[in-house]
Structures are given as C-alpha cells and as structure tokens.
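Student: Provide a 3D model corresponding to the input given below.
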Amino acid sequence: MKHIVGILILSAGIAFGQGAATSPSIGILPAERGYAELKAHLGLTDAQVDQLTRLQTAYYQSTQGIHQEMAVKQRIVYTEMSSDTPNAAVAGEAVVAIARLRTQLTAAERRVYQDAAALLTEAQKPRLQALDAARRLQVPIGQAQSLFLLEGYGFSILPAMAEGGITRMPLVP
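Tutor: Predicted coordinates:
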C-alpha cells in the first residue's frame, strides 16, 4: 500500500515539475496558439492576447522553481514511504514543505488571475463570466454524453449509427 501511495505522490510531483514556459497540456508555447475563438468570443485585441500570453509565460517561469522544489519534496516522501525503515521526521518535513509550496502556488495563481482579469475591458468581463459558467457545465455535459443523452463529440461507438443505420431516440425537451 505504501508503494502505491508513494508512486501516486511521485507521479503528481513529476507532472507538476514539467515545462515552465510551455503549455502544461501539450507543450506548445502560448504565443503559437493564436486563440482565434477566444478572441472572437471575448472581443480581445491582438495587444490583449499578447499581454495575456506574456503574463502566462511569466507565471510559468516564476513558478518553475516552486514546481521543481515540490517534485524534490515529493520524491523524499516517496523514498521514505518505500523504505523498510521510513524516517517519519524526514517524511513529515517534506509533507509540510509541500503544503507550504502549494500555498505559494495558490497565491501566485490568484495574482495571475487578477492580473489577467485587469487586462479585460468592462464589456469583455460579462462575456468571460458567461464562458466560466459554460466551463462549469463540462462535467455534466460529459456525463450526459456518456449516457447517450447528448451526442458525443466526434466519435461513435456504434458504426451503424455513424452511417445512419440506427435512428436516434429524440431528446426529451
């Protein structure tokens, strides 16, 4: 059991410690993405997108050391938990350090969100709030898709359905 917990902690540390100036999702530098849909939806200018991507890059660069230190501390916890004779004091100190580092990350995230929001005009802020409300629907949308209440995005588990061989049940209004 202690091996599984240690592996999970180490995996999280490695995931947090990767890629400072790149997107955490796919490794593309922020300026390379374009953000055409977001620009259109919010009415962002090129200058705003440039400022936001510079802010994003600065955030990743400024928190890289925190992520690296967190990964080191998580490896210490993993090593101690994997040991036949774990040192509780060493593991405990590492866990406390991880909590302190998470607090630093939370503060940095809060600042970057505030700085990013400050770049928007008053007309753009309600559009962002609407986008945030839609974001909160992602989980129930995914659940509805998995139960075939909503059409899935870009795949069909039934080839005949994709070819029109099976008629869909109408959605209840």
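Student: can you name the next helix or strand after the helix or strand bottoming out on mean pLDDT in the chain?
Tutor: Of the helices and strands making up the chain, the lowest-confidence element is helix 2-16, at a mean of 47, by mean pLDDT, DSSP states H and E. Moving toward the C-terminus from helix 2-16, the next helix or strand (DSSP states H and E) is helix 36-42.
Student: show me what counts as buried in that next one.
Tutor: For helix 36-42, burial by neighbour count (16 or more other Cβ atoms under 10 Å) applies to L38, L42. The C-beta positions use only the backbone N, C-alpha and C, and glycine is treated the same way.
Student: export it as CSV, just CAs?
Tutor: Extracted in CSV, the C-alpha atoms of helix 36-42 (Å, rounded to 0.1, in the frame of the first residue of the first chain):
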residue,chain,number,x,y,z
ALA,A,36,-8.8,32.9,-32.6
GLU,A,37,-12.0,31.5,-31.0
LEU,A,38,-11.4,33.2,-27.6
LYS,A,39,-10.5,36.5,-29.4
ALA,A,40,-13.8,36.3,-31.3
HIS,A,41,-15.9,35.3,-28.2
LEU,A,42,-14.5,37.9,-25.9
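Student: what's in contact with that helix?
Tutor: Taking Cβ atoms under 8 Å, 6 or more residues apart in numbering as the criterion, the residues outside helix 36-42 that touch it are L44, T45, D46, V49, L120, Q124, R127, L128, L131.
Student: can I get those residues in CSV including pLDDT, distance to V90 and neighbour count?
Tutor: Putting the contacts of helix 36-42 into CSV (pLDDT from 0 to 100; distance: Cβ to Cβ, whole Å; neighbours: other Cβ atoms under 10 Å) gives the following:
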residue, pLDDT, distance to V90, neighbour count
L44, 96, 48, 22
T45, 95, 52, 13
D46, 93, 51, 9
V49, 95, 46, 20
L120, 97, 46, 17
Q124, 97, 49, 17
R127, 97, 50, 16
L128, 96, 45, 16
L131, 95, 45, 12
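Student: and of those residues, the nearest to Y35?
Tutor: V49 (5.4 Å; Cβ to Cβ).
Student: the closest one against Y35, yeah?
Tutor: Yes. A contact is recorded between V49 and Y35 when judged using Cβ atoms under 8 Å, the distance being 5.4 Å.
Student: show me what the strand or helix carrying A130 is packed up against.
Tutor: Take DSSP H and E as the rule and A130 turns out to sit in helix 124-135. Identification of packing neighbours for helix 124-135 by 3 or more Cβ pairs under 8 Å, 6 or more residues apart in numbering; DSSP states H and E yields helix 36-42.
Student: this completes my enquiry, with thanks.
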